[in-house]
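Asks: can't give you the sequence, but here's the structure:
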C-alpha cells in the first residue's frame, strides 16, 4: 500500500501563516506577533515555530531584524506564486476551513510595542547627527517633529525653558510671543538671557538664542500683546500652543483663541516651589475658563467696569519663582507638546500639581462648565487675498452682505473706543481707536479733570460714518479671522494677504549668499606675517568691523574694507585688504 504523503508540522504552521498574510491579517511591512503569542495561537513548541518561520525566511516571505523582530516582506512576482501554493496546501490538509484571524483579535499577555512600518531601523551616526539619539526612541517620528509648528506665549522663566527644550528636540518651527523687555532680575531664572541683553525684547532674544542652540530650527518672534495684537490666522497654523503666562487675562485670551480655531494648548504656572501643568483640547474635558472660580471671574470683571484702567493694572506685582520649579514645569509642558505632535494620548481637562516642598505630585480632573463662553469653535474659514492695511470696513461689509444678506454685521475681537464724553462739562472727543491703544490717563477730561465716560462698540452694522477706515487703523491685526453674522448663521473670513509677512519663521536665518570669511595661507599686514593654514584672526578692538567675504581663489583681486568706528576723527578710518593669489601661495596685502 502506497504511503500517503503528509506535510511536517512546521510546514503546516508555515502554510497557515502564509494564508493569513494573503488574507490581509498580516500586511507587508507589519511586524509579526512575539513568539510566545504565535506559540499560543498555533499550539506548537518553540522549536517547531522557529523551523516554520525559518522556512518562510528562506523564500523571502518574512524578514528577520536582529533585536527588533520579524516583519512581513513585500509580496512580488517571485514569492507570490509560492505563497498561494502554500496557502492552498494548508486548506487541503483539513476538512474544516481554517480560522481567519482579524486585526481585532489580539493575544493576551505582555506585548511588545508595535514598530511602525514607515520607520525602518536606522543606526544613527552620533558623531555627525545632533538628533541621532532620538531616532532610537521607538515612537519618535523625526519628520513630524521637524515639520511641527509650536507657539510659545511668554518668554519669561517658563518660556525660556520651553524654548530651550523645543530647540534641543529639533522642533522645526518655533514662534515666540512676548510684549516685555529684559531686566536684570530676569537673569536669575532665564537661561537664554545675558546681562548685556538688558532692555532688549524678550521674544527677540529668546528666538536668537534658540537659533544658537540649534541652527537647524526656524524661529520667529513677535513683540506684542497676545490678547489683541496677534491675528487668529497665526494660531490656526500652529500644531500646539504652549502658554508660559503669569496673568489670567492672557490665559483667558489664549484659551478662547485656541478653542475658536480648534487647537490644543498646554498651560503652565509656577510660584515659589509650587507649579502646575495642564493640557486643554477643544471638546475634550474642561477648558481654562471652566477652571475659574467665582472670585477669579469677579477679578476679571474689572475690565468691563473700567476697561481703560483694567488694561494697565491686570498684573499688580511680580510672582516670585525659582529656576528649579521653572525647569520642572516647563519640562512637563514640553513633553506634553511632544506627545501632542506625535498624536500620543494625553489627559485634557486635568491638572498636574507639583509641590516642591514635599515632592508630592497629584492629578485632579476639572469639571466642564456647560455654558462656558469659551466653548465655541469657528466653522469653515474663507481665505481672502486681502490685507488689513489696505482693506476697509466697507470692503468687508460688501463681502459679508454678498454672503449673508444686507443685515450682515461684522464683529470685532476687541472693543473699539468711539469717543470719550465728560458728564460734567459736556466735552466730547472722538477717538476711534482700539481699546488696547487708549490709556487710562487719556480718559480724564482735559477741561475739568473728571473721569470721562467711554463710548465703545465691537460690531460694525454699516451705518457708521467711518467705513472708509482700514481694518488696521481700528486695531485688526494682520492675518486675522473676522466674524460676520446675520440672524441665522456666522461666516469667518481670514485676511490671507498678510500671510507671507506675518508668518515666515525666518528670523536670524543666514542668507545663502552669506559665506563665512576664510583666510588661509600667508597674510601681509605691513610686516610679513606667516600663518598656518586655517589659522584664525582675532581683532581685539570692538569698533572694527569687517564687511565682505573672502573665499579662496574665486575672489582673486577683490578687496574688503576694514572700518574703524573707534576713531575720534569725523571720518571713519578705512583700510583695504586686497587678496592676491597664485597657484603656489595666497597673500593678503594691506594698502
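Replies: Yep, it's here. The shown structure was predicted, so the numbers you read here are calculated from the model rather than taken from an experiment.
Asks: from here on, contacts and neighbour counts on C-alpha atoms
Replies: Will do.
Asks: any idea how far residue 398 is from residue 288?
Replies: Note on residue 288: its distance to residue 398, by Cα to Cα, to the nearest Å, is 36 Å.
Asks: which of these two has more neighbours?
Replies: residue 288 (24 against 15; other Cα atoms under 10 Å).
Asks: wait, doesn't the more buried one sit right on residue 255?
Replies: Yes - counting by Cα atoms under 8 Å, residue 288 does reach residue 255; the two are 6.2 Å apart.
Asks: and the contacts of whichever strand in the chain runs longest?
Replies: Using DSSP state E, we find that the single longest strand of the chain is strand 409-421. Identification of contacts with strand 409-421 by Cα atoms under 8 Å, 6 or more residues apart in numbering yields 228, 396-397, 400, 427-435, 438, 443, 452-462, 474, 476, 482-486.
Asks: do that again at 6 Å, thanks
Replies: 427-435, 452-461, 483-485 (Cα atoms under 6 Å, 6 or more residues apart in numbering).
Asks: off-centre distance for it?
Replies: Centroid separation between strand 409-421 and its chain, computed with Cα atoms, centre = their mean, to the nearest Å, is 32 Å.
Asks: give the next helix or strand downstream of it.
Replies: strand 428-434 (DSSP states H and E).
Asks: mean confidence for that following strand?
Replies: Mean pLDDT, computed over strand 428-434, is 90.
Asks: and what of stretch 401-416?
Replies: Per-residue pLDDT over stretch 401-416 has a mean of 94.
Asks: what do you get for stretch 242-261?
Replies: Stretch 242-261 comes out at a mean pLDDT of 95.
Asks: same deal with stretch 298-316?
Replies: 55.
Asks: with stretch 205-212 instead?
Replies: 97.
Asks: start the count at 5, not 1, going forward
Replies: Sure thing, new numbering starts at 5, so read that last one as stretch 209-216.
Asks: least confident secondary structure element in this protein?
Replies: strand 590-594 (a mean of 39; mean pLDDT, DSSP states H and E).
Asks: direction included, what does the longest strand of the chain pair against?
Replies: Strand 413-425 has its sheet partners listed here by DSSP bridges as strand 432-438 (antiparallel), strand 457-464 (antiparallel), strand 485-489 (antiparallel).
Asks: so where's the stretch 405-554 of the chain shaky on pLDDT?
Replies: 516-554 (pLDDT under 70).
Asks: and the helices in it?
Replies: 503-506 (DSSP state H, counting those that start in this stretch).
Asks: what is the longest helix of the protein by residue count?
Replies: helix 327-345 (DSSP state H).
Asks: past that helix, which element shows up next along the chain?
Replies: Next along from helix 327-345, by DSSP H and E: strand 354-359.
Asks: quick check: angle from the next helix or strand after that following strand to strand 354-359?
Replies: Using DSSP H and E, the helix or strand that follows strand 354-359 in sequence is strand 364-369. Strand 364-369 runs at 160 degrees relative to strand 354-359, counting by axes from the mean of the first three to the mean of the last three Cα atoms, to 10 degrees.
Asks: sheet partners, orientation included, of strand 364-369?
Replies: By DSSP bridges, strand 364-369 pairs with strand 354-359 (antiparallel).
Asks: please state the offset of the partner strand from the chain centre?
Replies: 23 Å.
Asks: please point out which parts of it sit buried.
Replies: Within strand 354-359, the residues scored as buried using 16 or more other Cα atoms under 10 Å are 354-358.
Asks: and it, average pLDDT?
Replies: For strand 354-359, mean pLDDT is 97.
Asks: show me the contact partners of it.
Replies: Counting by Cα under 6 Å, 6+ apart, 278-282, 365-370 sit against strand 354-359.
Asks: how close does the spatially closest residue to residue 385 that is not a sequence neighbour sit to residue 466?
Replies: Distance criterion Cα to Cα, 6 or more residues apart in numbering; nearest residue to residue 385, sequence neighbours excluded, is residue 496 at 5.0 Å. In this view, residue 496 and residue 466 are 18 Å apart by Cα to Cα.
Asks: give me the phi and psi for the closest residue in space to residue 24 that isn't next to it in sequence.
Replies: Distance criterion Cα to Cα, 6+ apart; nearest residue to residue 24, sequence neighbours excluded, is residue 30 at 6.3 Å. Per-residue torsions, residue 30: phi -110, psi 110 (degrees, to the nearest 10).
Asks: how about the contacts made by residue 236?
Replies: Counted by Cα under 6 Å, 6+ apart, residue 236 has contacts 484-485.
Asks: pLDDT wise, what is it at?
Replies: We note a pLDDT of 98 for residue 236 in this prediction.
Asks: pull the distance from stretch 460-470 to the chain's centre.
Replies: For stretch 460-470, the distance to the chain centre is 36 Å (Cα atoms, centre = their mean).
Asks: buried residues in that stretch?
Replies: Neighbour-count burial for stretch 460-470, counted by 16+ other Cα under 10 Å, picks out 460, 463-464, 466.
Asks: which among those residues gets closest to residue 263?
Replies: Nearest to residue 263 among the buried residues of stretch 460-470: residue 463, at 21.3 Å, using Cα to Cα.
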